[in-house]
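Asker: Model the structure of this input:
(2 chains, ligands or ions: 2)
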Amino acid sequence: MKIAVCIKQVPDTTEVRLDPKTNTLIRDGVPSIINPDDKAALEAALRIKDGAGASVTAICMGPPQADVALREALAMGCDNAILLSAREFGGSDTYATATILAAALKKGDYDLIIAGRQAIDGDTAQVGPQVAERLGIPQISYAEEIRAEADGVVVKRQYEDCYHLIEAKFPCLVTVLAEAVQPRHMTVRGTVEAYAADIPVLGFEDLKDGLNPDWIGLKGSPTNVVKSFAKQLKGQGIRLAGLSEDEAVNTIVQKLDELCII
Amino acid sequence: MEFTLSKQHQLQQQLYRSFAQAEIKPLARDMDEAEEYSPQLLQKMQQAGFFGIPYSTVYGGAGADNLSYVLCMEEVSKVDGSTGITISVHTSLCCHCLNEFGSEEQKQKHLRPLVNGSKFGCFSLTEPGAGSDVAAGQTTAVLDGDDYVLNGSKVFTTNSGFADVFVAFAVTDREKGARGMSAFIVEKGMPGLSVSANIPRMGIRAASNCVVTYDGVRVPKENLLSREGDGFKIAMKALDAGRIGIAAQAVGLAQGALDEAVKYVKERKQFGKPISAFQNTQFKIAEMQTQVDAARLLTYRAAAAKDAGQPYGSHAAMAKLFASDVACQVTRGAVQLFGGYGYAREYPVERMMRDAKITEIYEGTSEVMKMVIAGAMKVK
Ligand SMILES: Cc1cc2nc3c(=O)[nH]c(=O)nc-3n(C[C@H](O)[C@H](O)[C@H](O)COP(=O)(O)OP(=O)(O)OC[C@H]3O[C@@H](n4cnc5c(N)ncnc54)[C@H](O)[C@@H]3O)c2cc1C
Ligand SMILES: Cc1cc2nc3c(=O)[nH]c(=O)nc-3n(C[C@H](O)[C@H](O)[C@H](O)COP(=O)(O)OP(=O)(O)OC[C@H]3O[C@@H](n4cnc5c(N)ncnc54)[C@H](O)[C@@H]3O)c2cc1C
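Answerer: Ligands and ions are numbered 1, 2, ... in the order given. Model prediction:
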């Protein structure tokens, strides 16, 4: 089985500061880490490797410094790592990022692609699903557990108030949640081997067969950032308990009325 | 001259730090109180490769270097001194003897399981009557057929409570003094080998530290390390290497206590302001960090010299002499900045202060370090 894990290098902070003028992230002085959901994605892939056996490739699009994130993935136990880096890729939004990732993934003939649910800096949770769309393969998002079978996966997907057990045949893409799995530590030997390993860097020329140049980089990015802000926590909500059905209906209607919703 | 860690060392530091914070820190206080090391934690550290850091992958080690080992010692000791000595005695005393002086068969048989994380080792040198004066050891080894028969008793053998391999030192020829000592690989389960309960101690209380008795232990001839008479040399070489680890343990203890103090002084308010606003606090913190950095640089120098294949005995002694003194001063200073809370067992700094003292004593006291340094300077 061949597994690819998409990892993004992000600034180590959940409170990303934005430049108010340009609406871009201020990265200076903030150490970089592997996006937490993506570490869980690595763990999910490595568990499959430990169990059924698999070769695991970590793939990252980013500037040359993202090499460090890939070395960490190798030190955790990945077999291969690929960096996608080129001037042409700079300024990509989620659509363009997914286009580039998909072009690289297509070359690898992977059975299973695992991504994080969302990146703690961009926060859109779009890239995984967009990659699946680009590749025309099934996708399952919000996974807490992935069980590998001979020809596909069974995924425990988190839902608002329950779990879904979903099966998909290979090739498919799954996005994983950080809170579901505790990622393993690197090993000391892993760190040594990670730095002995060759990490190929694929640029525009290497991917151009499968890549429409109008769909990548800044000019290929349809996203127009109007405003950036830190998102507010959703409220706890109100729980009505110990009411009869009629009382409950009346209370809810009254509340909706008060809020001018009805 | 290069003062930044390589990318690889930085990644290793990240591993040691995140492991120490996630796995060791939450257990440190309870292990100290219980005076017992967690077997689960030992196993996790074996799996992460913490017990074979500077040893070749040919024997199943991690294939990293001594600087990496120092980074590990520093990070684990920042949160727990007991973990530091547990790793250190195994790595730079026990494994060092086998790696430097073992035959190929001995390395395959005994070093491999120690560095690949399946067995634990200890180093059994000090005796009740022979501490700084190593050559005064009374334990004897007499050749009888194909075995040496060991008789005697060792004190303060760290890790002996759970060790599988004991590097034990005994006199094979009393006439020859220091040159009459030999080193043996003694294996757990050999008849006549017994280990006492833990010796009650002031600090590093979670570490295993016991009296080991060799009562007619028959050790096969093939378990003699190097040649008869090489024991003293082997012990001295191992201690040279070990001192780099102890220096790093001291640096870690000092930095760990200082980190706690820096956090605390910003939170604690007296006279209407955080105590960090007092110049005395600022100056103390500044002095402490400067001392710790100086100790760290001496320690890294010793490790780098060893990695470069240069002589390092005197560097290691200076690093240990200085860093152990810094550890004692800085942990004591941290307790002072915490006030009464520093003395309370709720906070970790009192444990760090208790743990720091031993770094001035074991693997050669500070006085012995000065003898080594002056000796290397040919001042006799
Ligand atoms: C408001 C805003 C403004 C932005 N402005 C800019 C800009 O000006 N210039 C610019 O360059 N970027 C910009 N970005 C960043 C860029 O759009 C995204 O970082 C990138 O497309 C990934 O999207 P995401 O961070 O939302 O990831 P998500 O969609 O949340 O990530 C989901 C998963 O996709 C995978 N993934 C995502 N990115 C990568 C990657 N690079 N390599 C490998 N796997 C990956 C990971 O598995 C990740 O967990 C901006 C983003 C936002 C939200
Ligand atoms: C917690 C702990 C763990 C240990 N772990 C191990 C271990 O794993 N293996 C092992 O073999 N040993 C171990 N030891 C033993 C340790 O190395 C010795 O305690 C140490 O070397 C000092 O020996 P001593 O206790 O006999 O003190 P002594 O040698 O009796 O020293 C007493 C004092 O006299 C001073 N002194 C001695 N000789 C001189 C001199 N010539 N000039 C000036 N001053 C001198 C010393 O510096 C010291 O201050 C451990 C000890 C402890 C407490």
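Asker: Just the pLDDT for the closest residue to ligand 2 within the stretch 201-350 of chain B.
Answerer: At 4.9 Å from ligand 2, B:Asn209 is the closest residue in the stretch 201-350 of chain B, using CB to the nearest ligand atom. Any C-beta I mention is one placed from the backbone N, CA and C, and that applies to glycine too. If you check B:Asn209, the pLDDT there is 98.
Asker: mind listing what residue 75 touches?
Answerer: Just so you know, I chose chain A. When contacts are counted by CB atoms under 8 Å, 6 or more residues apart in numbering or on different chains, A:Ala75 touches A:Met186, A:Thr187, A:Gly190, A:Thr191, A:Glu193, A:Ala194, B:Leu11, B:Leu15.
Asker: should've been chain B
Answerer: Each residue near B:Glu75 by CB under 8 Å, 6+ apart is listed here: B:Gln13, B:Tyr16, B:Arg17, B:Phe19, B:Ala20, B:Gly252.
Asker: burial count for the fifth one?
Answerer: Counted with other CB atoms under 10 Å in any protein chain shown, the burial measure for B:Ala20 works out to 24 neighbours.
Asker: Ok, the last one next?
Answerer: Number of residues near B:Gly252 (other CB under 10 Å) recorded here: 34.
Asker: Going along the chain, name the helices of the chain.
Answerer: All of this is about chain A. A:36-51, A:67-76, A:94-108, A:127-135, A:188-196, A:204-207, A:245-258 (DSSP state H).
Asker: should've been chain B
Answerer: Under DSSP H, chain B gives helices at B:7-19, B:25-34, B:39-48, B:66-79, B:81-88, B:96-101, B:104-106, B:112-115, B:231-267, B:279-307, B:313-338, B:340-343, B:349-357, B:366-376.
Asker: what's the angle from the second one to helix B:349-357?
Answerer: Between the axis of helix B:25-34 and that of helix B:349-357 there is an angle of 70 degrees, by axes from the mean of the first three to the mean of the last three CA atoms, to 10 degrees.
Asker: can you state the direction angle for helix B:25-34 and helix B:39-48?
Answerer: Note on geometry: by the same axes, to 10 degrees, helix B:25-34 and helix B:39-48 are set 140 degrees apart in direction.
Asker: thinking again about what came up before, as TSV, the helices of chain B with mean pLDDT and distance to ligand 2 would be great.
Answerer: Below are the helices of chain B laid out as TSV (pLDDT from 0 to 100; distance: least, CB to the nearest ligand atom, whole Å):
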stretch	mean pLDDT	distance to ligand 2
helix B:7-19	98	22
helix B:25-34	98	13
helix B:39-48	97	16
helix B:66-79	98	14
helix B:81-88	98	7
helix B:96-101	98	12
helix B:104-106	98	20
helix B:112-115	98	15
helix B:231-267	98	8
helix B:279-307	98	19
helix B:313-338	98	11
helix B:340-343	98	22
helix B:349-357	98	9
helix B:366-376	98	3
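Asker: could the ones you listed go into a markdown table alongside distance to ligand 1?
Answerer: Formatted as a markdown table, those follow (distance: least, CB to the nearest ligand atom, whole Å):
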| stretch | distance to ligand 1 |
| --- | --- |
| helix B:7-19 | 19 |
| helix B:25-34 | 28 |
| helix B:39-48 | 25 |
| helix B:66-79 | 28 |
| helix B:81-88 | 34 |
| helix B:96-101 | 41 |
| helix B:104-106 | 46 |
| helix B:112-115 | 36 |
| helix B:231-267 | 32 |
| helix B:279-307 | 35 |
| helix B:313-338 | 40 |
| helix B:340-343 | 42 |
| helix B:349-357 | 39 |
| helix B:366-376 | 51 |
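Asker: Pull the contacting residues for the closest residue to A:Ala194 other than its chain neighbours.
Answerer: Spatially, and ignoring its direct neighbours in sequence, A:Ala194 is nearest to A:Leu74 (3.7 Å; CB to CB, 6 or more residues apart in numbering or on different chains). Going by CB under 8 Å, 6+ apart, A:Leu74 touches A:Ala58, A:Ala81, A:Gly190, A:Glu193, A:Ala194, A:Ala197, A:Ile199.
Asker: For stretch B:110-129, list every residue counted as buried.
Answerer: The neighbour-count check on stretch B:110-129 (16 or more other CB atoms under 10 Å in any protein chain shown) flags B:110-117, B:119-127 as buried.
Asker: Just give the closest residue to the residue in the stretch 1-150 of chain A that chain B sits nearest to, not the sequence neighbours.
Answerer: Closest residue of the stretch 1-150 of chain A to chain B, CB to the nearest CB: A:Arg71 (5.9 Å). Excluding the flanking residues, the one nearest A:Arg71 by CB to CB, 6+ apart is A:Ala194, at 4.3 Å.
Asker: What residues does the stretch 51-200 of chain B have near ligand 1?
Answerer: Selection of the stretch 51-200 of chain B residues close to ligand 1 by CB under 6 Å from any ligand atom yields an empty set.
Asker: interface residues of the stretch 51-200 of chain B facing chain A?
Answerer: Proximity of the stretch 51-200 of chain B to chain A, by CB under 8 Å from any CB of the partner chain, involves residues B:Gly52, B:Ile53, B:Thr57, B:Gly61, B:Ala62, B:Gly63, B:Ala64, B:Ser68, B:Cys72.
Asker: Can you lay out those as CSV showing distance to B:Leu225 and neighbour count?
Answerer: Shown next, in CSV, are those (distance: CB to CB, whole Å; neighbours: other CB atoms under 10 Å in any protein chain shown):
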residue, distance to B:Leu225, neighbour count
B:Gly52, 19, 29
B:Ile53, 22, 29
B:Thr57, 23, 15
B:Gly61, 18, 26
B:Ala62, 23, 29
B:Gly63, 23, 22
B:Ala64, 24, 25
B:Ser68, 26, 27
B:Cys72, 26, 34
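Asker: what's around residue 166, how many residues?
Answerer: Unless you meant another one, I'm taking chain A. Using other CB under 10 Å, A:Ile166 has 16 neighbouring residues.
Asker: actually chain B
Answerer: 27.
Asker: ok, the residue of the stretch 51-200 of chain B found nearest chain A to B:Pro54 distance?
Answerer: When scored by CB to the nearest CB, the stretch 51-200 of chain B has B:Ala62 as its residue closest to chain A, at 3.8 Å. From B:Ala62 across to B:Pro54, the span is 8 Å (CB to CB, to the nearest Å).
Asker: Can you tell me, leaving aside adjacent residues, what's nearest to B:Ser324?
Answerer: Nearest non-adjacent residue to B:Ser324 (CB to CB, 6+ apart): B:Thr359, at 3.8 Å.
Asker: hang on, isn't the one you found packed against B:Phe322?
Answerer: No. Assessed by CB atoms under 8 Å, B:Thr359 is found out of contact with B:Phe322, at 10.8 Å.
Asker: what's the overlap in contacts for the two?
Answerer: Counting by CB under 8 Å, 6+ apart, the common neighbours of B:Thr359 and B:Phe322 are B:Ala247.
Asker: Between these two, tell me which one has more neighbours.
Answerer: The neighbour comparison of B:Thr359 against B:Phe322 (other CB under 10 Å) goes to B:Thr359, with 32 against 21.
Asker: follow-up on the earlier one: which pair of the residues of the stretch 51-200 of chain B next to chain A spans the longest distance?
Answerer: The largest separation in these, counting by CB to CB, is between B:Thr57 and B:Cys72 at 16.9 Å.
Asker: And the strands in chain A, which stretches?
Answerer: A:2-6, A:9-11, A:32-34, A:55-61, A:80-84, A:112-116, A:139-148, A:152-158, A:163-169, A:172-176, A:201-202 (DSSP state E).
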